[in-house]
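**Q** Mind folding the following:
(chains A and B)
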Amino acid sequence: MKKTLKRWFPLFGLPTLAAFTVGFLVPFVVGLALSFCRFTTVSDARFVGLANYKSILGDGDFLHALWFTALFTLVSVVLINLLAFAVALPLTKGLRGTNLFRTVFFMPNLIGGIVLGYIWQLIFNGVLAMFGRTLTYSPVYGFWGLVILMCWQQVGYMMIIYIAGLQSIPGELYEAARIDGANPRQILFRITLPLSMPAITICTFLTLTNSFKLFDQNLALTAGQPSNKTQMLALNIYDTFYSRAGWEGVGQAKAVVFFVLVAGLALIQLYITRRREVQQ
Amino acid sequence: MEKRGIAALLAALTILLALTGCGRSESSSDSAAGQGKVYYLNFKPEQKDQWEALAKEYTRQTGVKVNVVTAASGGYESTLKAEIAKSDPPTLFQVNGPVGLSTWKDYCYDLSDSEVYRQLKSEEFALEEDGQVLAVAYAIETYGLIYNKDILRRYCQLEGAVISDASQIQNFETLKAVAEDMQSRREELGIEGAFASSGMDSSSDWRFKTHLANIPLYYEYRDEGITSAAAVKGTYLENFRNIWDLYLNNSTVEPSLISSKTGDDAASEFALGEACFYQNGTWAYEQISGYEVADEDIGMLPIYIGVEGEEDQGLVTGSENYWCVNKKAAPQDIQATLDFLEWVITSDEGRQSLAQEMGFVTPFKTFGEEYTPDNPLVKAAEEYVQEGKTSIGWYFTTMPSDQWKNDLGAAMLEYAQGTGDWDKVKTAFVEGWASEYQARQ
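**A** Residues are numbered from 1 along each chain as shown, chains lettered A, B, ... in the order given. Okay, the predicted model is just below:
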């Protein structure tokens, strides 16, 4: 077996490895190096040490974006997972039209973020126009607009993962619990939830990173208005990179900080949820 | 068995080579011909087809390959940044003015000896630095307050109209009186508002945060006798507020709703005769002609903001389309690009395309009377020049950064929807200028 793996590795492993190197490793290393440089194009850079990172410290918008993103992530991770689980539960009970419902809930996920952002902007502005306002009136509107948009897009996808998780729980456990006289509440908290932990791990990981890295939807829905109050981290980095001459390096440095944050958060989350996973 | 493994490895490598080779084969065959080639990264999506046709014609005549790539609207800087780092970079690209040039000056070939520079009607259409000509404008555009002559004529016939002819609008006071009267009698006139919506969506906000802000900036520069600044005082910000209030309060929409209005909304309101005034420029002609408003009813007024002596103020004329030749391209490619540009501004096909098909007013001596575009807004602009009115330059190209414009736009929006006061606009304009200028490093 081992010998076969070794022999066929070049055919099946090398192309992927090459793609990974070209598409991820090289840009990552170059990106890291560029965060210490002043540059206009990637092939024309000058080393400036930690100057770019120092510029971040004095940037109030970046800090605001960080808090805004953290709050948004917290709210949307909780909401998306609660809703997705709540939708997944009845759809594993063999109701009539289960397949239709699953399809309908999943479909929003097939639309790209920019398109979704513009569609929801029209909807929100249409509703708010009745009160003589628009989405840019207050950052609170933008915040909840983003939360609703993300829930609408992500609930269906997470639902599919939860359904798969729920279906893998053996029926005997439920049967035994029922014979022992467990009520539905006990079944949910003592059997369904603990045994769904692998699905919960995946879903919280996906929602956490997706929310933290949110870009398209943010750009299309509010573009940071009013006055950068609804600007999230990724959009802040993008704006830094393109809206000032000579600030490309600062944008790059922000991106490195951003990477460390996302990776750190994701690792902590994985550690916590993994620990609660149980063996069947 | 070992041989099989090697064969598989070779097969995998071949596939990889074939994949990477595909992208390269094209360029190597070009340079094999020994002559240079042209790669133009075009800024204006509206003229994409015309440039491609022109490139094809040039290749047919001379055999030199011309590749035209057009960046998506609003994505020029990012496309240029990506393209210019490649091994086959654009040989011809654009900058939008002095501030845009500061990003790219290391890539700009000195055009002092080129035909495009020699043929300029005036040196003010070139951007120079340290005695080198780094960029040459190729399209001159004009903006102002586009108006519907028919609506204004109908207004003048109303009982108690404050003017009897459009030509009487020669200062802010009259403009304000007309617009406010028109707004209050919009049902009589069958219009939705005096001004088309001042949309602050990103497709429209540049008309105000950049173009409208240019007017107070011009007067401040004029007072100081300068053409660019490291810091501004905001002397005419009160006038800026007056004109912004006028736009907002006499419009087709409530001021609180402008963030949802797009550039297309404003254009269609004007084109359908729902609004009398619409701030935009010569480039808007294509978008507004052919609907409810006849071409002969489209006129343009100067944007008056209430400055002493503004009766002599003309329209706002300038360029944010400058050609630059990439200094870091191969020498034969640079030569090919210079030859191509010369052909574009001297040959019949080039001049025809630039003036008639793309509709540009160009700053080159080679374009005579017969190459004036068929555009009523261009004609209106020429009339003002002939009357001896003072044109305002496009000083917004000296605004320190896009960030400055965005911050100003955000403050203007907050003022309009009532969530911020005018002080925020002042701060963004004056203090923002100094800090953004410093941030340029």
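**Q** contacting residues for residue B:304?
**A** B:169, B:170, B:171, B:172, B:175, B:243, B:310, B:313 (CB atoms under 8 Å, 6 or more residues apart in numbering or on different chains). (C-beta placed from N, C-alpha, C; glycine too.)
**Q** quick one: contacts for the closest residue to it other than its chain neighbours?
**A** Excluding the flanking residues, the one nearest residue B:304 by CB to CB, 6 or more residues apart in numbering or on different chains is residue B:172, at 4.1 Å. Residue B:172 makes contact with B:239, B:242, B:243, B:304, B:305, B:306, B:307, B:310, according to CB under 8 Å, 6+ apart.
**Q** ok, so of those, who is nearest residue B:225?
**A** residue B:307 (15.9 Å; CB to CB).
**Q** in a strand, that's where that closest one is, yeah?
**A** No: according to DSSP: H, G, I helix; E, B strand; the rest coil, residue B:307 belongs to no strand; its state is coil.
**Q** Mind giving me the ChimeraX select for the contacts of residue B:304, buried ones only?
**A** Selection of buried members from those for ChimeraX, criterion 16 or more other CB atoms under 10 Å in any protein chain shown:
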select /B:169,170,171,172,175,243,310,313
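**Q** Turn the contacts of residue B:304 into TSV, including pLDDT, distance to residue A:88 and secondary structure.
**A** Formatted as TSV, the contacts of residue B:304 follow (pLDDT from 0 to 100; distance: CB to CB, whole Å; DSSP: H, G, I helix; E, B strand; the rest coil):
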residue	pLDDT	distance to residue A:88	secondary structure
B:169	92	66	coil
B:170	92	70	coil
B:171	93	68	coil
B:172	95	64	helix
B:175	95	62	helix
B:243	96	57	helix
B:310	91	67	helix
B:313	93	67	strand
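**Q** out of the contacts of residue B:304, who's nearest residue B:119?
**A** residue B:313 (30.1 Å).
**Q** what's the closest non-adjacent residue to the residue positioned nearest the centre of chain A?
**A** For chain A, residue A:210 is the residue whose C-alpha lies nearest the centre (CA atoms, centre = their mean; 0.9 Å). Leaving out its chain neighbours, the residue that sits closest to residue A:210 by CB to CB, 6+ apart is residue A:154, at 6.7 Å.
**Q** same thing with residue B:211?
**A** residue B:143 (5.9 Å).
**Q** Would it be right to say that that neighbour lies in a strand?
**A** Yes: counting by three-state DSSP, residue B:143 is part of a strand.
**Q** so how far is residue A:221 from it?
**A** As judged by CB to CB, to the nearest Å, residue B:143 and residue A:221 stand 30 Å apart.
**Q** Same question for residue A:70.
**A** 19 Å.
**Q** what does residue B:105 give?
**A** Distance from residue B:105 to residue A:221, by CB to CB: 37 Å.
**Q** Look at the two and report which has more neighbours.
**A** residue A:221 (27 against 19; other CB atoms under 10 Å in any protein chain shown).
**Q** mind listing what the more buried one touches?
**A** Contacts of residue A:221 by CB under 8 Å, 6+ apart are A:117, A:118, A:120, A:121, A:124, A:135, A:142, A:145, A:146, A:149.
**Q** same thing but at 6 Å, please
**A** A:117, A:121, A:145 (CB atoms under 6 Å, 6 or more residues apart in numbering or on different chains).
**Q** Just the buried ones among these, please.
**A** A:117, A:121, A:145.
**Q** Secondary structure, pLDDT and distance to chain B for those - can I get that in TSV?
**A** Below are the buried ones among the contacts of residue A:221 laid out as TSV (DSSP: H, G, I helix; E, B strand; the rest coil; pLDDT from 0 to 100; distance: CB to the nearest CB, whole Å):
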residue	secondary structure	pLDDT	distance to chain B
A:117	helix	91	12
A:121	helix	92	8
A:145	helix	94	13
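**Q** Which parts of the stretch 1-150 of chain A are strands?
**A** Using DSSP state E, counting those that start in this stretch, the strands of the stretch 1-150 of chain A run over A:37-39, A:45-47.
**Q** Out of those, which one sits most buried?
**A** strand A:37-39 (a mean of 19; mean count of other CB atoms under 10 Å in any protein chain shown).
**Q** Quick check: mean pLDDT of it?
**A** Regarding strand A:37-39, the rounded mean pLDDT is 86.
**Q** which helices and strands sit right next to it?
**A** strand A:45-47, helix A:248-275 (3 or more CB pairs under 6 Å, 6 or more residues apart in numbering or on different chains; DSSP states H and E).
**Q** between these, which one is nearest to chain B?
**A** Closest approach to chain B among the helices and strands packed on strand A:37-39 (CB to the nearest CB): helix A:248-275, 7.9 Å.
**Q** Please spell out which residues along the closest one are buried.
**A** A:248-258, A:262, A:265-266, A:269, A:273.
**Q** what's the closest of these to residue B:346?
**A** Using CB to CB, the buried residues of helix A:248-275 come closest to residue B:346 at residue A:248, 38.1 Å.
**Q** what's the spacing between that closest one and residue B:437?
**A** Residue A:248 is 18 Å from residue B:437, by CB to CB.
**Q** and if you look at residue A:123?
**A** 41 Å.
**Q** And those two? Which one has more around it.
**A** Just comparing residue A:123 and residue B:437: by other CB under 10 Å the higher neighbour count belongs to residue B:437, 19 against 14.
**Q** Skipping adjacent residues, who's closest to that one in space?
**A** residue B:400 is the one closest to residue B:437 (CB to CB, 6+ apart), at 4.4 Å.
**Q** any idea which element that neighbour lies in?
**A** Using DSSP states H and E, residue B:400 is not contained in any helix or strand.
**Q** How about the one 5 residues further on?
**A** The secondary structure element spanning residue B:405 is helix B:402-417 (assigned by DSSP H and E).
**Q** Give the other helices and strands that the helix or strand just after that helix contacts.
**A** Sequence-wise, the next helix or strand downstream of helix B:402-417 (DSSP H and E) is helix B:422-439. If you count contacts as 3+ CB pairs under 6 Å, 6+ apart, helix B:422-439 packs onto helix B:402-417.
**Q** List the contacts of the helix it packs on.
**A** With CB under 6 Å, 6+ apart as the criterion, helix B:402-417 contacts A:137, A:226-227, A:243-244, B:200, B:205, B:209-210, B:248, B:255-256, B:258-259, B:399, B:420, B:422, B:424-425, B:428-429, B:432, B:436.
**Q** what's the closest of the strands of the stretch 1-150 of chain A to residue B:96?
**A** strand A:37-39 (20.4 Å).
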